[in-house]
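**Q** Next one to model:
(chains A, B, C and D)
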Number of protein chains: 2
Amino acid sequence: MEKVTIKDIAKVANVSYATVSRALSGSSEIGEATRDRILKICDEMKYIPDSVARSMVKRRTNILGLVTASINNPFMSELIEEIEITAREHGYNLMVCNSSYDVELEKRQFSLLLGRRVDGIIIIPVGHDTSASLSQYSSDIPTVYVSESLQDTNDHYVSIDNVVGGKIGIEYLKAKGHEKVLYLGRRPGSVTHKLRSEGAIEASASLGVRLQFQDNEEGGKSSSQVGYQLAKKYFENPSDNTAIFCASDALAIGVMQAADEKGIRIPEDISILGFDNITFSSLPRIGLTTVAQRKKDMAEAAVKMILDMIQGSEEDMKNQILSPVLVERTSCREV
Amino acid sequence: MEKVTIKDIAKVANVSYATVSRALSGSSEIGEATRDRILKICDEMKYIPDSVARSMVKRRTNILGLVTASINNPFMSELIEEIEITAREHGYNLMVCNSSYDVELEKRQFSLLLGRRVDGIIIIPVGHDTSASLSQYSSDIPTVYVSESLQDTNDHYVSIDNVVGGKIGIEYLKAKGHEKVLYLGRRPGSVTHKLRSEGAIEASASLGVRLQFQDNEEGGKSSSQVGYQLAKKYFENPSDNTAIFCASDALAIGVMQAADEKGIRIPEDISILGFDNITFSSLPRIGLTTVAQRKKDMAEAAVKMILDMIQGSEEDMKNQILSPVLVERTSCREV
DNA sequence: TTTAAAATTGAAAACGTTTACAAAGCATTT
DNA sequence: AAATGCTTTGTAAACGTTTTCAATTTTAAA
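**A** Next comes the predicted model:
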């Protein structure tokens, strides 16, 4: 069956196609009778408006571009799902592009989306501090970064308040009676990690908690692999810490593995606290207590921010910083 | 800065815009000298072709629509990631739509994508046997279903061979010495589950394995919740099975939880075998041995299939059925 | 040189909408 | 009944490309 256009409808309804267009767009300058008649015909002929043509003339696509370091990463996929939902609620579709943790690809995807004439681009960045360079590409497309703390940049972004996250974690542990804790997996290059540890340090100081560090000097991304390595090293020659505060849940998973192998029980022998609340963490077998990013809130904030930019809304908040919240499971015990 | 179009380039280069278009499209009917000159100008002026306009005239968008029951589901997100990668390799972008396990929404998303004039639609269906109804919507857009076994339909789809999956599982268990196994979580409505259990039954018969069933009568999706419930019920009054073959990994996770609570050790007291190989399963703490769907292969097959349809390739394979493979971890022991 | 063929370029139509503007219809007021 | 204003409709241009066809230039052949 051939594609039915507005002209076909016009012919059948015996009106000009401008009129059909008006009927469809819910314009007020059209008689009710004709509108209804036309709409009925559209329905009968199963007319579906061509958004490509529409985008052409309106100069907006109602598409949001999303370039993300990974689709599969549990944290990100959850974020993406929420973003899609929120975007749809506002009449936008999502074009999802994977950068596979590759800065170069991230750039290419970005400029590809530019060509697609998406109305705005949301970025879940691969990196630490790198990604700011994208803005040079085109200064005029609304862009917001999600989930990383950007510094020294005037890009728009939404992230959580990592320093209060660090604080919350220590406060929780202290409340459970832990006074000697190991902060594991801080990665020197990362702003996010820097802020988290700062919060932890601050809270430790004021609460009288002794805080030791086992940093992730490797760089690289903070996978469970490096958590495993770091913990293994630590367990070979442990000090008297009663809890480990991991810079991310992924790291914590690795730590758990190392503990299991060593016969160290969680939480009986040592308490583990994570940061992020990835989906894994909620599995009963994992049961990781963690400082949670509220992904739904982040998604909504990001979409709202970008829509504001698209509509040229006055209130131009450069960035939005959400408060994390502690979700308790079974990996920390009272001591 | 204003958007630079082909006309702007033409003006600067002092040629018609047809010529610019030819230079950009790598057409053969253009002088090399002019081509290079034009290309250089495009570069300098940071010209980015408008794919919307291009789509308009070429009547193809180079966009693939994807409607998926969930973005966040670990199995699906992995599939999506692979699909995105494969699509990109062929010059296609992905428009991702979430149906949130809702058949109605699935339909709406489908027809929305129709309006977007995507070149083809890949569907990771919410459901069991429902989804075939989409084809009524428009018979002429290339559509392929992924991951579900469709029956009684002439839709295109790619899935794994569930009956050999069932066989493989039993063969593995038998090789490990298990002769009495419980098949848990089969859901009556699902074709997929039917096939899997058929394979298991067949193999059991020929290998002399006793196969018992604990079905999921609830309907609903096979989450770890129902696995937990089912296992809990079974453990209250267990028979002498030495292994449980779960109809999906998600179920298996729930079974593990139930076992943990009951103090039943895995694999010492009972072996657990899954089906799907979701990301969770590879976590050391889970270590689920499972019959794996090869997601990358499925993704590639799906994209290839849909591109064939788009290009009207002759070889019209209606469907493609991939062989599963067993991935061994730590949840099954020799007996 | 002339001519034919081939290569290169340009003009204009097309893709399916929206929208500014003009025209027409109709009711209200005078 | 004419003038006025408001509502409804139609006409045509625009959005930024690609592509057909014709026109022009170049190259090769005679």
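**Q** Show me which residues of chain A sit near DNA strand C.
**A** A:3, A:5-7, A:17-18, A:21-22, A:24-25, A:47, A:49-50, A:53-54, A:56-58 (C-beta under 7 Å from any atom of the strand). Where you see a C-beta, it was placed from the backbone N, CA and C, and this is true even at glycine.
**Q** Let me know how buried residue A:29 is, in neighbour terms.
**A** The number of residues packed around residue A:29, counting by other C-beta atoms under 10 Å in any protein chain shown, is 6.
**Q** where does residue A:307 fall, helix, sheet strand or coil?
**A** Reduced to three states with DSSP: H, G, I helix; E, B strand; the rest coil, the structure at residue A:307 is helix.
**Q** So which of the residues of chain A next to DNA strand C would count as near DNA strand D as well?
**A** Among these, the residues that sit close to DNA strand D (C-beta under 7 Å from any atom of the strand) are A:17, A:18, A:22, A:53, A:56, A:57.
**Q** Where does the fourth one sit, in terms of helix or strand?
**A** Secondary structure assignment for residue A:53, by DSSP states H and E: helix A:51-58.
**Q** got the angle between that helix and helix B:51-58?
**A** Taking axes from the mean of the first three to the mean of the last three C-alpha atoms, to 10 degrees, one finds helix A:51-58 and helix B:51-58 inclined to each other by 120 degrees.
**Q** tell me what helix A:51-58 is packed against?
**A** The helices and strands touching helix A:51-58, judged by 3 or more C-beta pairs under 8 Å, 6 or more residues apart in numbering or on different chains; DSSP states H and E, are helix B:51-58.
**Q** in the helix it packs on, what's buried?
**A** B:51, B:52, B:54, B:55, B:56 (16 or more other C-beta atoms under 10 Å in any protein chain shown).
**Q** cool, stretch A:143-162 as well?
**A** Counting neighbours by 16+ other C-beta under 10 Å, the buried set in stretch A:143-162 is A:143-150, A:155-162.
**Q** near chain B, anything from it?
**A** No - using C-beta under 8 Å from any C-beta of the partner chain, no contact is recorded between stretch A:143-162 and chain B, whose separation bottoms out at 15.0 Å.
**Q** Run through who's touching that stretch.
**A** Under the criterion C-beta atoms under 8 Å, 6 or more residues apart in numbering or on different chains, residues A:75-76, A:79, A:83, A:120-125, A:127-129, A:131-132, A:134-135, A:142, A:191-192, A:195-196, A:199, A:293-294, A:298-299, A:301-302, A:305-306, A:309, A:317-324 lie in contact with stretch A:143-162.
**Q** So which of these belong to helices?
**A** When helices are assigned by DSSP state H, the members of those inside them are A:75-76, A:79, A:83, A:191-192, A:195-196, A:199, A:298-299, A:301-302, A:305-306, A:309.
**Q** Could you tell me how far the host helix or strand of residue A:166 lies from the centre of the chain?
**A** Following DSSP H and E, the helix or strand that holds residue A:166 is helix A:162-175. Its chain's C-alpha centre lies 22 Å from the corresponding centre of helix A:162-175 when counted by C-alpha atoms, centre = their mean, to the nearest Å.
**Q** for the record, mean pLDDT for that helix?
**A** Along helix A:162-175, the predicted local confidence has a mean pLDDT of 98.
**Q** ok, then the element right after that helix?
**A** Using DSSP H and E, the helix or strand that follows helix A:162-175 towards the C-terminus is strand A:180-184.
**Q** buried set for that following strand?
**A** Applying a neighbour-count criterion of 16+ other C-beta under 10 Å, the buried positions in strand A:180-184 are A:181, A:182, A:183, A:184.
**Q** For the last one, give me its contacts.
**A** Listed by C-beta under 8 Å, 6+ apart, the contact set of residue A:184 reads A:213, A:214, A:227, A:230, A:231, A:234, A:244, A:245, A:246, A:247, A:251, A:255.
**Q** Buried subset of those, written for ChimeraX?
**A** Command for ChimeraX that selects the buried part of these, burial taken from 16+ other C-beta under 10 Å:
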select /A:214,227,230,231,234,244,245,246,247,251,255
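**Q** For the residue nearest to residue A:214 when sequence neighbours are not counted, name its beta-bridge partners.
**A** Excluding the flanking residues, the one nearest residue A:214 by C-beta to C-beta, 6 or more residues apart in numbering or on different chains is residue A:184, at 4.7 Å. Residue A:184 forms beta bridges with residue A:214, residue A:246, as assigned by DSSP bridges.
**Q** any idea how far residue A:270 is from residue A:184?
**A** Between residue A:184 and residue A:270 the computed distance is 11 Å (C-beta to C-beta, to the nearest Å).
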